[in-house]
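Predicted model and sequence below, questions to follow.
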Amino acid sequence: MHFKQEAGRKDFIAGPANSSMVAEDIVEEKYPFLKVEKKWRGRWAEEDLCVVEDHGDRPKYYCLEMFPYPSGKLHMGHVRNYAIGDVVARFKTMQGHDVLHPMGWDAFGLPAENAAIKHGVHPSDWTWENIAAMREQLKQLGVSYDWRRELATCHPGYYRWTQWLFLQFFHRGLAVKDKAPVNWCPSCATVLANEQVVNGGCERCKSPVEKRELAQWFLKITEYAARLLNDLKQLPGWPEKVKIMQENWIGKSEGAEAVFPIPGSQEKIPIFTTRPDTLYGVTYMVLAPEHPLVEKLTVPEKAAAVAEFVARARNLSELMRTAGEGEKNGLFIGSYCINPLTGEEVPIFIANYVLMEYGTGAVMGVPAHDQRDFEFARKYNLPIRVVIQPPGEELAPETMTEAYVDEGVLVNSGPFTGMENLPAMRAITAYLEENGSGRGRLNYRLRDWLISRQRYWGAPIPIVYCGRCGTVPVPEEDLPVLLPYDVAFKPTGQSPLKDCPDFVNTACPRCGAAAQRETDTMDTFICSSWYYFRYTSAREEGGPWDRAKIDRWLPVDQYIGGVEHAIMHLLYSRFFTKFLCDIGLVGVEEPFTNLLTQGMVLKDGAKMSKSKGNIVSPEDIMARYGADTTRLFILFAAPPERDLEWSDQGVEGCARFLNRVWRLVNAVLPEIKGSHLPKQRLIGVNRELRRLTHLTIKRVTEDVERFNLNTAVSAVMELVNGVYRFVDCVPKTDRDAGVLREAAETILLLLAPFAPFLSEELWARLGHRGSIHRRPWPKYGPALLVQEKVTVVVQVNGKVRGRVILPAEAEPKEMEQEALREPRIRKILADKDVVKVITVPGKLVNIVAR
RNA sequence: GCGGGUGUGGCGGAAUGGCAGACGCGCCAGACUUAGGAUCUGGUGGGCUCAGCCCGUGGAGGUUCAAAUCCUCUCACCCGCACCA
C-alpha cells in the first residue's frame, strides 16, 4: 500500500489516529466474545446451520478429522486438529459444496477400565461423562459439526455393526483363531499388537513385553498386503512420508524359497532368501528358537542344552532380546540338512538372531555374503565359502573382514559359475523350481492383525464355543452381543467378562446346547476402521450404513489428523475399505483421498505432558480470550504440517488483531451501511484499496486451498492494516464508501472460517440478515489486480542499486532505457562497460557490467 | 545401520530461481493518559569510515546475469523402522 507516501496528509486528522474512529460512535472497545459466542451458538443450533442434507444438489465434500478418544478434556492437539478441519469445512461450504463434517468418539479402550479400577467408576459412566464434557468443549470452540451424526463406538447401536462386520470377515475366512506367540504385557495383563510394542516395551505403560502362546483372533490383513502396497500409488493426495512409512511397514521383499531336506527323514526346512544367487555359499542352517522342528531335529545328547537355550529365548522379553547389542548367540543342535543345489550336508543351528515371525523362521547361513551370517560364522568357527567375486578383486575367506554383499560374478557355483549374480538369481530360482526344491516368492514383513483383547471395555467378539458344534458365530439377528453392565473390576489382569457367568453362559445358536461365549473383546482399532462410513448413516438400524449415502459421500475428500496414526489406523482403515469393497458393501477401494497430517503442539520445545508440567489447557485459553482467538492463534502460529510452539504472547497478539477488526468495522459502520461500489472507474487511493481487497481474496483463497493457513491469516491482517491506513489517512470527502464497504465485508468473509463468531456478529451489524457462513466465498476480479505503475528493481551485477517507477506494461527495451537513465545507476556505471542487460517484465532489470 | 524431515533476525515464521526477513510476537522511541499490562504512531538482521558501502538463510564448494530456493559434499537436530534373511 502506498497510502502513506501518496497521502502525506496524515495531518488532516487533528487528534490521535484512533479518535477519528471511535470517538464519534462509542462501541465496545473490546470484542465481547463471551456475549457474542453465546448468542451465536444458540442461533446456529436453532437454525441447524451446520446440518447437511444427504440429498443436496451441490457437489459433495467430505471433510473428516480423526475422532478423539474421550479422555474428558480437549487438549491443544485436538484444538489444532479441529480448527484446521473447521477452516476446510467452512471454506468448502462457502465455495458451494455440501460439506459432510461429522464428529464422534473413539470410546472403547483401556483408560476407561483403568479409571474403573482406580476410582471405582464404571467404564461406561466414565466414558459417557467424558463425552458430554468434550462435546461441550467442541461446541464452545465453534466447530461446524453436524451433531445429528454424532456416534460413539461404545454405543450398542454402533458396536452392533462392528460385530456384524467381524462376522463378515469370519464368514470369508479372514477372521481366524490361532495359537500364536503373542506380545504379553504383564502389567496391563493383556495381549498387544506388534504395533503396540515400542522398543520392546508396552506402548502404554512401558513395562517389558513378554512372549506367550495363546489362542487369539486374527484378521488376515496379510492377504491384502500386495494391494495395500500397490494402491499407495493411487494416493497422490497423501504425504509422501506416510506412504513411505506404510511401504516400509508392509515390507515387501522379493526372493525365493528353498527347501532343505533332512537326511533319513521326511522333514524339510523351507527357508526364504532374497539372495538365491548365494545358495552355493551355504555352510550352515539356522532355525529360530521357537521353530516347530527344533525339538524333532535335536539329537538326544544336545537336548538339555537346546531346551535351556530355547526356554531362555522364549521367555526373554523382546526388549532383552534386542538389547543384546546385536550379539549373536547360537547353538548346534546336532543334526544336518541337505543343500538342495549341492547335495552337501550342513549343520543346523538355532540362534537368537533368527525370528520366527519373519519368513519361514529359518535362514540359510551364507557367511561370505551376509553380514550377520559372517559374524555368526566367525564366532562359531564355521566355514566361509565365497561364491561371488567382486569385479577386479579376489576375495579369500581367510582375509575377509566383513561380508561382501554387493554385485559380482558367481564362482564355485556349479553350472552357474561365471554368471553375473543378478541374472543368476533368476536362473537359480528357476532351477529350484524345476527340481521341486523351491520357487520364487514374495515375502511381506506385515503380519496378521491380532485383534483379541483380554479386556472388558471393548466390542465383544460375537462367537460362541459349543462342545458339539465348535466355534459358532452369533447369528446376525442376535446382535449386538451386549456388554454386561454389572461386572467386577479387580486388578487381576483377567478380563472381567470371564467372571461374569451371565455373559459367558449361553446356548449354542446352532444346536441349543449349553455353550460359552468368547470373552475377548476387539482391538479398538477395529472400531475406528469403519467409523467414517457410519457417519453417512449414523442412526441406520437396518445395516451398518445406507449404501446410497455411502455412494454420495465417500471417499473422504480430506482427512486430517496426527502423524501418529500414519501406520496402524490408516492401514487398517484401508484394509477394511478394500475388504468391504470386495464384498460389495461399499463402492470405493480407498477411503481417504487426501490426507493432512498435522504437527504437534509444543510448549518450551517439548510435547505438552503432565510429567513435564507444560500443559496449556484449551479451556483456560478459551475462557480468557474466547474461541475465535484460540483458533486463530493456533492456525496462525505455524503451517498445519509443522510442529507448533505455543506462545502466550502470540495468543495475545491474535486477540489484539481481532479487537482491531472489531473496532474497525464498528467504526466505519455508519459510513458504509447502504453504500455501493460506484459505476465509474476508480482512481488513486480508492482504486488502491480495491486492488488490495481483491489481491487479498486471491491470496487467502489460494493459501487455504494449499493449507497455508498461517499465511492466509497474515494476508487478512495486511488487508486490515491497509484499511486502517485508508481510514486514517484519507479524508472522508476523498474516500469512497462503497470501496470501504467492500473491503470491510471482505475482511469478514475471509475471516469467517477462522473466526466464525466475530465475523458473524459484525456481519449482522452491517445489516445482513442471513448468516455469513452461508454466503458464497468472495471472488477476485483479475482486472482489479493490475497496477498502473510498478516499482522496478534495478540491479548492477546482481545487486540492487536503484528503483524506477514504470508503467506495469512497459516493454523490456523501455525498462532497460529507464534503468540506464537513473542517476544513481549512471554514476555506478560511469567507469564500467555494460556487457549485458537482463529484464524481467514488471519486476527487475539486471545490468551486467565490467 | 536404513528411511524421512528440518536448519532463515531476539522468537514463531514469509519468500513461482528475481528487492531475504511478509505477517505476528518481543524490544526501542514517541503520542494520548492520574495510570498503562489499553490504544495509536514511528523504528527494529549484523557491521562500517553511515546521503553510502560491506556482510548475511547450519558449513564448504559449484551452476547461473541472479541461489534461502537448483547440484555436489558436509555438520547438527528431530521423527519413523531396526538382527526382516
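Here it is on my side, so go on. Numbering: from 1, shown residues only, chains lettered A, B, ... in the order given.

where does the stretch 151-300 of chain A come near RNA strand B, residue by residue?
A:194-195, A:198, A:240-241, A:244-245, A:248-249, A:251, A:253, A:255, A:272-275, A:288 (CB under 7 Å from any atom of the strand). Heads up, the C-betas are built off the backbone N, CA and C, glycines and all.

just checking, which of those belong to strands?
A:198, A:253, A:255, A:272-273 (DSSP state E).

Quick one: these as TSV, columns for pLDDT and distance to A:K233 too.
Below are those laid out as TSV (pLDDT from 0 to 100; distance: CB to CB, whole Å):
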residue	pLDDT	distance to A:K233
A:V198	68	29
A:S253	93	18
A:G255	93	22
A:F272	96	25
A:T273	95	27
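
Can you tell me which of those residues lies closest to A:V481?
A:V198 (31.8 Å; CB to CB).

my read: A:K179 touches A:A215, true?
Yes: between A:K179 and A:A215 there is a contact at 5.1 Å, judged by CB atoms under 8 Å.

you'd agree A:A712 is up against A:R699?
Yes: with contacts counted by CB under 8 Å, A:A712 reaches A:R699, the gap being 7.3 Å.

More neighbours: those two, which one.
A:A712 (27 against 20; other CB atoms under 10 Å).

Tell me which helix or strand the more buried one sits in.
helix A:709-729 (DSSP states H and E).

Which elements pack onto that helix?
helix A:3-7, helix A:17-22, helix A:627-636, helix A:648-672, helix A:684-705, helix A:737-751 (3 or more CB pairs under 8 Å, 6 or more residues apart in numbering; DSSP states H and E).

With the flanking residues excluded, which residue is spatially nearest to A:I451?
Among residues not flanking A:I451 along the chain, A:D523 sits closest, at 4.4 Å (CB to CB, 6 or more residues apart in numbering).

Likewise for A:F636?
A:V713 (4.3 Å).

do the same with A:A115
A:W126 (4.9 Å).

OK, contacts around that neighbour?
Contacts of A:W126 were listed using CB atoms under 8 Å, 6 or more residues apart in numbering, and they are A:112, A:115-116, A:119.

Can you name the residue of the stretch 601-750 of chain A that approaches RNA strand B most closely?
Proximity of the stretch 601-750 of chain A to RNA strand B (CB to the nearest atom of the strand) peaks at A:G653, 2.5 Å away.

now for the host helix or strand of A:I117, which elements pack on it?
Using DSSP H and E, A:I117 falls within helix A:110-119. When contacts are defined as 3+ CB pairs under 8 Å, 6+ apart, helix A:110-119 packs onto helix A:123-141.

sorry, back to before: between the helices and strands packed on helix A:709-729, which one is closest to A:M76.
Across the helices and strands packed on helix A:709-729, A:M76 has its closest neighbour in helix A:627-636 (7.2 Å, CB to CB).

After that closest one, heading C-terminal, what element do we hit next?
Next along from helix A:627-636, by DSSP H and E: strand A:644-645.

Point out the other helices and strands that that next one packs with.
Against strand A:644-645 (3+ CB pairs under 8 Å, 6+ apart) you get strand A:601-603.

which residues touch the strand it packs on?
Counting by CB under 8 Å, 6+ apart, A:75-77, A:79-80, A:607-608, A:614-616, A:634, A:643-646 sit against strand A:601-603.

Name the SS class of the residue lying closest to A:V299 once chain neighbours are set aside, please.
Of all residues not flanking A:V299 in the chain, A:G334 sits nearest, at 3.1 Å (CB to CB, 6+ apart). Recorded secondary structure, A:G334: strand (DSSP: H, G, I helix; E, B strand; the rest coil).

go on, A:L820?
Following three-state DSSP, A:L820 is assigned to helix.

Identify the residues contacting it.
Here A:L820 is in contact with A:826, A:829, A:834, A:837, A:847 (criterion: CB under 8 Å, 6+ apart).
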